[in-house]
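Participant: Please find the sequence and the predicted model below.
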Amino acid sequence: MFASLLGRMEWHYFWHGWVQFGGQLAMVGGVLTLLAGMTYFKKWGWLWREWLTTQDAKRIGVMYIIVATVMLLRGFGDAIMLKLQQALASGHSDGFLQPDHFQQIFTAHGTIMIFFVAMGLMFGLINLVLPLMLGSRDVAFPLLNSTSFYLYVAGVVLANISLLYGEFGAVGWLAYPPLSELAYSPGPGVDYWLWSIQIAGVGSLLSGINFIVTILRLRAKGMTLMKMPVFAWSVLGSMILVVFAFPILTGTLFMLSLDRTLGMHYFTADLGGNAMMYINLIWAWGHPEVYILILPAFGMFSEIVATMSRKRLFGYKTMVYALMAITVLSYLVWAHHFFTMGAGGNVNAFFGIMTMVIAIPTGVKVFNWLFTMYKGRIEFFTPMWWFMAFATTFVIGGATGVILAVPAIDFQVHNSLFLVAHFHNTIIGGVVFGYFAGFAYWFPKIFGFRLHERLGKAAVSCWVGGFLLTFIPIYILGMMGATRRLDHYDPSLGWQSLFIVSGVGTLLIGLGVVFQIAQLAYSVWKRHELRDTSGDPWDGRTLEWSVPSPAPQYNFARLPVVVARDAWWEAKRGGKAIFSGAYSDFTLPKNSGVGVFIGAFVAMFGFAMIWHIWWLAVLALVGVATTLIRRTYEEETEYVVTADEAKRLDMKSQKAAA
Amino acid sequence: MKQVIKSTQSVEASPAIFGFWLYLMTDCLVFASLFASFVVLRGQTAGGVGSKEIFSLPFVFLETMVLLVSSLTSGMALLAAQRQKRQHTLMWLTATALLGMLFLGLELYEFSSLVQEGHSWTQSAFLSSYFGLVGTHGIHIAIGLIWLFATMLFIYKRGLTHRLMQRLTMFILFWHFLDIVWVCIFTIVYLIGVI
Ligand code: HEM
Ligand SMILES: [Cu+2]
C-alpha cells in the first residue's frame, strides 16, 4: 500500500557515484545557504512582497535573468565536464565519466542551455525593456506574465531535482525515439527531461501570446508599426514564431508522454509506431526555436549599433522586411536536420535551397549594421564590443551553416563535431553575445548604474578568444571524422591534442565568466561612482531612455506621444516633446501570489507524473484549477494611481535623478 | 493606455479577447499535430482492428448533434447575457452544461466499450492515435465544463459584471472552438475512416 503511494520512487535513486555526489552536494549546499541567509537576514517578507509576487515586468525580467544566470553556470559546468572527458578519454584512459553519465550530461547541457539559459535570458530582457520601449506601463497581461515566469521556474526546478533524486535523460537534448521510449529508457530520466521542458514550454507559449498582444495593442499613441523600434519588431517576429512553433512542441511531448505513461505507440519501434514522425515534428518546432532565440538578439544589436554610432539605423525598412522574411522562412527549413534520414533527393533539394535562402535576409541585416556604423561617431562601450565579437564570429557560423545546407556535404558531416561547432558558433556568437550586449546596454535603465567598462571588455575578450580556441579545433575534428556525443576514441586517430586545445579554450571562456561575475560585483560595490543620473547614459534614441534610471514601477507618469521613429532622439534634437498635456489617473496591477502557486502546483504535477504518483498528480491539478478559478473571478485586481500622485511621483523621481 | 481601452472599448475588442483568440490558435496547432499523427498512423493497425471495424456512424452522429446543439445553447446564453438577462443566461448555460456532460458520457461509453472488447490504446499505433486525439478533445470538454460551472456559479452570485462578461465571452469562444475541432474529428477520424 505504502509503496504504491510513492509510485516508483526508490532509495537507490539518491546515489549514483562520487562525481554526481559532488554535484548534489554543491546544489544542496547552495540552496541551503540561500535559505539560511534569507532567514538570518529576515528577508522573506521583503522577497515575497517586492519580488516573488510582483506584477512589474521589469522585476519579472530581473528574476528571469537571475535564474537563467544560475542555469548558465550549471550548463557551463556540464560543458567543462564534457570537455574534460573528451580531452582525457583516449586509448587506455576511460576518462572520469561513465558512458551513461556522459550521456546524461550532454543531454542536460543542451536542454538547460536552450530552455533555461537562452529562453530565460530572452524573456528576461524582453520583459525589462519591451514595455518601456513601446511607451507602455506594462505588458498586456501582467499576471499571465508572472505565471509564465513561474512555469519556467517549475521547469528549472524539475530539471535540477533530477540531479538530486533520479537521473536525467541519456538520450540527447531532443530525445529521439525509439531510444527515448519505455522499451529502451525505462527509468525516470526521460520523464524528467520531458516534463521539465513541457512545463517551461507552456510558459513560453503563454509569454508569446502576451508579448504579441502587448506589441499590437499597447504601443504609445502615434507609434505606428513602422515607427516602432526594431527591437520591438524582432520580438514580434520571435513571438509569432513562438505561438506557431511551441504548440507543436507541446503536442509532440504530449504524445511521447502518452507513449511513456499509458503505453501508447505513437513513436515506438513496434506495433506500428513511427519514430520519424517525432523527428519531423520536433524539428518543426526546433528550427523555428533557433530563430526565436536569434531574432531578439538581432533586434538588440540594431538598437545598440544605432545608438553607439549616433546615427539612425541604416535601412530601417529593409531591416523590418528581413526580420519578417526570416520569420516566415524559418518555418520552411526544418528537414535540413535530417537530410540523411531518407527523405529523398527532391525533398532534400527543396529544404537545402530554402535554408540557403535564409542567409539572404540575414546578410542584409549584417550589412545594415555595418552601414549604420559607416561614418558614424562610434563609441566603443562594452555593448559595442559584444557587437564586434558577434559580427566576426556569427558570420563564420552563418557560413558553416550554408555549407551544411548542401545535402551532399551534410551527408559527410552530419552528426559530426563540425555540426556541434556550427551551432555553438551561431548560438554563442549570435544569441549569447547578443543577450550579453543587451544586458550591458539596458542594465543602467533597470538598476540605475552602469556596469564597469574595463572588466566588461576583459570578459568580451576572454569569451571571443575562448570561443575561437574551443570551437575551431572542434570544426577541424569534425572534418577529421569525429562524431558528436563521443566519450572515448582511439589514440591512433590523432585527435587528442585538438581536444586538449579545445578544452583549454573552454577554460578561457570560464575566465570570461569570472570577469563577468567580477564586473557585476565590482559595479554593485562602486554603484555610486557608476550612477546614471541622466537616465540616458548612452545618449539613446528610443523611449526607454526618456525616463529616469532606474525606471519607476509605472514606467511613465505621463504616457508619451510619438510622431517619429527614434522618438526620444528627435525630441532631444528639438523635435516635438513626447511628454505633454496633463497627468491623468491610471491603474496598476496589485501584487499577486497566483503565479507562485500555479508554478508550485505544476512543478508538483510534473514530479508526480515523473514518478507515477497518481494521487499527487490529481491533487496538484485540483490545486491549479482552484487557484485559477479563484483568480479569474476576483474583481479587484488593480489599484489606481491618481493624477496628483502621478505628478508628485514624477517630480520626485526627476529630482532624485538630478 | 490600458484603462483607456477598458473604458472605451467593448468586451469583444479588448486585449484579453484578442489574446484569447491567439491562445485558441495555439491550441488549434496542438490539435493539428495530433491530427497529423492520426493521419499518418491510421493504417498502422498492427494486425488488429481498423477504423471500419470499430466505428459506428449513427452513434458518432448522435454525439455530434449533442455537441452542436450545446454550441447553439451557449450562443443563446451569450445573447441573453449581452441583454443583461441573468436568468435566461443561466438557463441556457445549464442546458449547455447538461449537453456537454451528455457528450462526455457518450464518449466515455464509446471508449470503455472499445477497451472492453480488447481494443485499447496499447494495441496498435492506430488505436493510440485515435484515443490520443479524441481523448484530448474530451479532456478539453471536461475542462470546459469545470470552467462553465465556475462561470455559472459566479454569474449566479454576482450578476453579469464587466469582468464576468469577458470570462463568459471567452468561454463561449472556447466552446465553439471545441465544436469546430469535433467537426474535424467527425470528418477525418470517423467519416473518412468508415467509407
Ligand atoms: C559556454 C560554452 C559552451 C561549451 C564549451 C559547450 C560545449 C559543448 C559540448 C562539449 C557538447 C557536446 C558535444 C558532443 O556532442 O560531443 C555540447 C553540446 C550541446 N550544446 Fe554546448 N557548449 C557551450 C555553450 C552552449 C550554449 C550557450 C548552448 C545553447 C544555448 C549550447 C547548446 C548545446 C546543445 C543543444 C548541445 C547538444 C546536446 C546533445 O548532443 O544532445 N551549448 N556543448
Ligand atoms: Cu534548423
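Facilitator: Cool, got the structure. Numbering: from 1, shown residues only, chains lettered A, B, ... in the order given. Ligands and ions are numbered 1, 2, ... in the order given.
Participant: Is the helix ranked longest in chain B positioned near chain A?
Facilitator: The longest helix of chain B (DSSP state H) is helix B:125-158. Yes: using Cβ under 8 Å from any Cβ of the partner chain, helix B:125-158 reaches chain A at B:A125, B:F126, B:S128, B:S129, B:F131, B:G132, B:T136, B:I146, B:W147, B:A150, B:F154, B:R158. C-beta coordinates here come from the backbone N, C-alpha and C atoms, glycine included.
Participant: my read: the fourth one touches B:F38, true?
Facilitator: Yes: under the criterion of Cβ atoms under 8 Å, B:S129 lies in contact with B:F38, with a separation of 4.3 Å.
Participant: neighbour count winner among those two?
Facilitator: Per other Cβ atoms under 10 Å in any protein chain shown, whichever of B:S129 and B:F38 has more neighbours is B:S129, with 31 against 22.
Participant: contacting residues for A:W334?
Facilitator: A:W334 makes contacts with A:N280, A:W283, A:A284, A:G286, A:H287, A:P288, A:F351, as judged by Cβ atoms under 8 Å, 6 or more residues apart in numbering or on different chains.
Participant: For the second one, which non-adjacent residue is closest in space?
Facilitator: Spatial nearest neighbour of A:W283, chain neighbours left out: A:W334 (4.1 Å); criterion: Cβ to Cβ, 6 or more residues apart in numbering or on different chains.
Participant: how far away is the one you found from chain B?
Facilitator: 13 Å (Cβ to the nearest Cβ, to the nearest Å).
Participant: Residue 82: how many residues sit nearby?
Facilitator: I'll assume chain A. Quick note: A:L82 (other Cβ under 10 Å) scores 20 neighbours.
Participant: if you could check chain B rather than the one you did, that'd help
Facilitator: So B:Q82, with other Cβ under 10 Å, has 16 neighbours.
Participant: and the gap between it and B:W21?
Facilitator: 19 Å (Cβ to Cβ, to the nearest Å).
Participant: and what of A:E544?
Facilitator: On the measure of Cβ to Cβ, A:E544 and B:W21 end up 29 Å apart.
Participant: A:G540 and A:A567 touch, don't they?
Facilitator: No: using Cβ under 8 Å as the test, A:G540 is too far from A:A567 to be in contact (10.8 Å).
Participant: re earlier: more neighbours: A:E544 and B:W21, which one.
Facilitator: Set side by side, A:E544 and B:W21 show more neighbours around A:E544, with 27 against 14, by other Cβ under 10 Å.
Participant: ok, the more buried one - contacts?
Facilitator: A:V129, A:L132, A:M133, A:W442, A:K445, A:A551.
Participant: Quick check: which element contains the residue of the stretch 351-500 of chain A found nearest chain B?
Facilitator: Using Cβ to the nearest Cβ, the single residue of the stretch 351-500 of chain A nearest to chain B is A:F351, 17.9 Å away. Using DSSP states H and E, the element containing A:F351 is helix A:345-373.
Participant: helices or strands next to that helix in the packing?
Facilitator: Helix A:345-373 sits against helix A:275-309, helix A:316-329, helix A:382-404, helix A:407-413, with contacts defined as 3 or more Cβ pairs under 8 Å, 6 or more residues apart in numbering or on different chains; DSSP states H and E.
Participant: Now for the residue nearest to A:V431 when sequence neighbours are not counted: which residues touch it?
Facilitator: Closest residue to A:V431 apart from its sequence neighbours, by Cβ to Cβ, 6+ apart: A:L293 at 4.6 Å. Applying Cβ under 8 Å, 6+ apart to A:L293 gives the contacts A:I114, A:A118, A:M119, A:M122, A:S238, A:I427, A:V431.
Participant: Give me the below-cutoff pLDDT ranges for the chain.
Facilitator: Looking at chain A here, since you left the chain open. A:1-3, A:656-658 (pLDDT under 70).
Participant: should've been chain B
Facilitator: Within chain B, the ranges that satisfy pLDDT under 70 run B:1-12.
Participant: so which residue of it comes closest to ligand 1?
Facilitator: B:S33 (22.1 Å; Cβ to the nearest ligand atom).
Participant: How about the stretch 201-350 of chain A?
Facilitator: A:L293 (7.3 Å).
Participant: For the closest residue to chain B within the stretch 201-350 of chain A, which three-state class applies?
Facilitator: Nearest to chain B, among the residues of the stretch 201-350 of chain A, is A:G272, at 2.8 Å (Cβ to the nearest Cβ). What DSSP: H, G, I helix; E, B strand; the rest coil gives for A:G272 is coil.
Participant: my guess is it meets B:G47, correct?
Facilitator: No: using Cβ under 8 Å, A:G272 is not in contact with B:G47; the gap is 9.1 Å.
Participant: These two: who's more crowded?
Facilitator: Taking other Cβ under 10 Å, A:G272 and B:G47 do not tie; A:G272 has more neighbours (22 against 8).
Participant: Give me the distance between that one and B:G144.
Facilitator: 32 Å.
Participant: related to what we said a few turns ago, of the helices and strands packed on helix A:345-373, which stretch is the most buried?
Facilitator: helix A:275-309 (a mean of 24; mean count of other Cβ atoms under 10 Å in any protein chain shown).
Participant: could you check the angle helix A:382-404 makes with that helix?
Facilitator: Orientation note: helix A:275-309 sits at an angle of 140 degrees relative to helix A:382-404 (axes from the mean of the first three to the mean of the last three Cα atoms, to 10 degrees).
Participant: follow-up on the earlier one: and the residue of the stretch 201-350 of chain A closest to chain B, what does it touch?
Facilitator: A:H265, B:L41, B:Q44, B:T45, B:A46, B:S124, B:A125, B:F126.
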